[in-house]
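> Here is the input, now give the coordinates:
(chains A and B)
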Amino acid sequence: MPGLRAALPAALLLLSSFPPAAAERLPWPQVPGVMHPLNPSHREAVWAAWTALHYINSHEASPSRPLALHKVVKAAAKMIPRLGWKYYVHCTTEGYIHGENAGSCFATVLYLKKSPPVVHGKCVHAQNKKQIQEEDHRFYEYLQHQKKPITANYIPDSNGNIAHDHLQLWGLAIVGSSYIMWKQSTEHTGYLLAQVSSVKQQIRKDNAVAFKFIVLLHEIPTQQMNVCHMYLVWTLGHPIRVKYSCAPDNHGLEDGSGQDSGSAAGTSHETKGNF
Amino acid sequence: MRALLLLAALGAVAAATTENFVGHQVLRIVPSSDAELQKVQELQELEHLQLDFWLSPRGLGNPVDIRVPFPSLQPVKAHLEANGVPYSIMIEDVQALVDLEQMQMLRRRRFVPLSTSTFDYTSYHTLEEIYAFMDLLVAENPNLVSKLEIGRTTENRPIYVLKFSKGGTNRPAIWIDTGIHSREWVTQASGIWFAKKIVQEQDEGLANILDQMDIFLEIVTNPDGFAFTHTSNRMWRKTRSKRSGSLCVGVDPNRNWDAGFGGSGASSNPCSETYHGPYANSEPEVKAIVDFVKSHKNIKAFISIHSYSQLLLYPYGYTTTAVPDKEELHQVAKEAVAALSSLYGTNYKYGSIITTIYQASGGTIDWTYNQGIKYSFTFELRDTGRYGFLLPASQIVPTAQETWKALEVIMAHTRGHLY
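Modelled structure (predicted):
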């Protein structure tokens, strides 16, 4: 069987060059360059789709209408030698804030060993792009005109409620958190925003709008809650700027939910998918 | 802990009248060196500052919580900063918190349901309210429902299971549990709704099943964790067991079962959310169910309910090896999901745990399946991440309704294929 003989050395090469996440890997033949169709139910497909949406939300979508995954329609993966697995995903989306049909996206996600995943995505929007831009514009102006800094805690609250006034603020938190989640995502570790613990506007002298957030990110499959301090600067028409520092929620050392602020002289911790 | 102290403070306020906490802050210091610890202990000597230690200095790595009255804030912070002791502000304004809690307590006291008809199924409830609901349901339906105590938690709370039975002796049974992971609030809330639904359907849709089988329903499978999500940390998942030698609390009850225990798919780190525990069945919450299942000997379907992700799963989680009954379980799951989706169009996926969600060892339904309970399933209810664990209360009833459709399929199939 000539085909098999050619494939085997390549497969062995792969097994030696990648650290064995043996417990995680599904039994696909690991032949480079070959497109493997994935069952849309399989977790790799779902997580690749979310990684793509995190990237898209932080780079392209708006605080008024960030996107959430509705369903993976089709997915495939290909091993790129010396780099990693590249996922091809076609998914439908829904509005993160109101759950309405938002269209669909095609994306590729290349998971690298030491850098954030490389994402290329293109979305077809079911919504009126102009209307979304106007909403962003109105929200931006509203924030710029605040004399007293806007503050809020626990969005959503324990019962899943979000005050109407806080919906767009939540959208902004989603966009900022998506930047963190995209950067942290790996093939085996995914993230979703669990809650905004607190948000405080920072009034600036320039045109930009700035916020200090503390957000909780749900890490899967470790099930950990990561507490991220996020400083976000939004200038309309420009990519969002995010500075962040995350650490696992110290649930062992304290009874509370770890809402920190003030001069905690902490170091910046990077979260690890520690499975 | 904090809530208790706050309530004590509230009680003190109610009694004394004039003390208020406006502008008071609660600072947290976690001393990481002897020098830092000493500086914090020094604060205890300074009586004129009127500091109130909610958590006293105990040693390195242990948090110290101090309520600082407004006039003392500046000198205390200056003392800490000058000596390089890091601190964080746990509560920015103690009075605001006291006011909020007082408001919430008054609101809750206003309405205590006197029957399961006036119980609010569209809200999330506390442990006390759920336990009261159970007693009401039993009192209203003494011929169908009884309450069993199957064990006690680490913190000595009773663990209750509702038994729905029309008679017979040790009939083949269906088991449903919700709330094994305490932060998954829509599951306990759905469990309450299921309990009421079973009573309502006993002579209608469930007549065929209850004529031959019993149903066991454990609504709050992790009472300690659940209480903790109300008082301290809404995102608490595990049990609340403590182990000497570790500062961290709790074991993942869905990694503590004797099926592939300790293997890949669980953590040996006590601080991890998927910590499997020191040995299988170390957790009383798990052991209680294990003992129950083993002594009953006649359970035919076992359904353990979680959130979130919108999945219906069958074993295994600890290995990629397929279960012998895979084809049948896959078909049942397919039908159950179709029934679920028919109600509101909610999109569910289904498959084995390991292929659909992730590898997990020591899981509940891996153990129950290996005990011979063929129809072992796990649900992950709404949603898929927008709200996650913080699912709006308005979605409780729709979630319970659609999940019930899936449960009906599983129960009917079990009834029609008794083994």
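
> Which pLDDT value does the model give B:L162?
You'll see B:L162 listed with a pLDDT of 98.

> Sorry, slip of the keys, the one I care about is A:A7.
As predicted, A:A7 sits at a pLDDT of 43.

> neighbours around B:E149, how many?
Counted with other CB atoms under 10 Å in any protein chain shown, residues neighbouring B:E149 total 10. All C-beta atoms are positioned from the backbone trio N, CA, C, and that covers glycine.

> What pairs with the helix or strand in which it is found, parallel or antiparallel?
With secondary structure defined by DSSP states H and E, B:E149 is part of strand B:145-152. Sheet partners assigned to strand B:145-152 using DSSP bridges are listed as strand B:158-164 (antiparallel).

> Just after the strand it pairs with, pick out the following helix or strand.
Per DSSP H and E, the first helix or strand lying C-terminal to strand B:158-164 is strand B:173-178.

> From the contact counts, what lies against whichever helix or strand comes after that following strand?
The element immediately downstream of strand B:173-178 (helix or strand, assigned by DSSP H and E) is helix B:185-201. Packing partners of helix B:185-201 (3 or more CB pairs under 8 Å, 6 or more residues apart in numbering or on different chains; DSSP states H and E): helix B:127-140, strand B:158-164, strand B:173-178, strand B:214-218, strand B:299-307, strand B:375-381, helix B:396-416.

> any idea of the angle the second one forms with strand B:173-178?
Read it as strand B:158-164. 140 degrees (axes from the mean of the first three to the mean of the last three CA atoms, to 10 degrees).

> Enumerate the residues of the stretch 51-200 of chain B near chain A.
Within the stretch 51-200 of chain B, the residues that sit near chain A (CB under 8 Å from any CB of the partner chain) are B:61-63, B:81, B:84, B:86-90, B:92, B:123-124, B:185.

> Quick one: buried ones out of those?
Buried by 16 or more other CB atoms under 10 Å in any protein chain shown: B:N62, B:P63, B:P86, B:Y87, B:S88, B:I89, B:M90, B:E92, B:Y124, B:W185, out of those.

> So, low pLDDT: which residues of the stretch 1-150 of chain B?
In the predicted model of the stretch 1-150 of chain B, residues B:1-19, B:100-111 satisfy pLDDT under 70.

> wait, isn't B:L136 in contact with B:V112?
No - if you go by CB atoms under 8 Å, B:L136 and B:V112 don't touch, sitting 10.4 Å apart.

> neighbour count winner among those two?
Between B:L136 and B:V112, B:L136 has the larger neighbour count (other CB under 10 Å), namely 17 against 10.

> Return the backbone torsion pair for whichever residue of chain B sits closest to chain A.
In chain B, the residue that lies nearest chain A is B:C248 (2.9 Å; CB to the nearest CB). Backbone dihedrals for B:C248, given as degrees, to the nearest 10, come out at phi -90, psi 150.

> Just give the nearest non-adjacent residue to B:Y314, would you?
B:L329 (4.1 Å; CB to CB, 6 or more residues apart in numbering or on different chains).

> just to revisit the earlier point, widest-spaced pair of the residues of the stretch 51-200 of chain B next to chain A?
Farthest-apart pair in those is B:G84 and B:S123; separation 47.7 Å (CB to CB).

> Around chain A, pick out the residues from the stretch 201-350 of chain B.
So far as CB under 8 Å from any CB goes, the stretch 201-350 of chain B lies against chain A at B:229, B:232-237, B:246-250, B:252, B:264-265, B:267, B:270-274, B:320, B:347, B:349-350.

> which among those residues end up buried?
By neighbour count, with 16+ other CB under 10 Å, those hold B:229, B:232-237, B:248-250, B:252, B:265, B:267, B:270-274, B:349-350 as buried.

> Can you report how many residues lie near the residue lying closest to A:K113 once chain neighbours are set aside?
Sequence neighbours aside, A:G84 is the residue nearest to A:K113 in space, at 6.4 Å (criterion: CB to CB, 6+ apart). A:G84 has 19 neighbours, counted by other CB under 10 Å.

> Enumerate the beta-bridge partners assigned to A:G84.
A:G84 has these beta-bridge partners by DSSP bridges: A:I80.

> right, and it touches A:V109 too?
No - if you go by CB under 8 Å, A:G84 and A:V109 don't touch, sitting 10.0 Å apart.

> can you tell me which of the buried ones among the residues of the stretch 51-200 of chain B next to chain A are in helices?
Among those, the ones falling in helices (DSSP state H) are B:W185.

> JSON lines for the buried ones among the residues of the stretch 51-200 of chain B next to chain A, including distance to A:E44?
Listed next are these as JSON lines, based on distance: CB to CB, whole Å:
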{"residue": "B:N62", "distance to A:E44": "42"}
{"residue": "B:P63", "distance to A:E44": "40"}
{"residue": "B:P86", "distance to A:E44": "41"}
{"residue": "B:Y87", "distance to A:E44": "43"}
{"residue": "B:S88", "distance to A:E44": "38"}
{"residue": "B:I89", "distance to A:E44": "42"}
{"residue": "B:M90", "distance to A:E44": "40"}
{"residue": "B:E92", "distance to A:E44": "43"}
{"residue": "B:Y124", "distance to A:E44": "34"}
{"residue": "B:W185", "distance to A:E44": "29"}
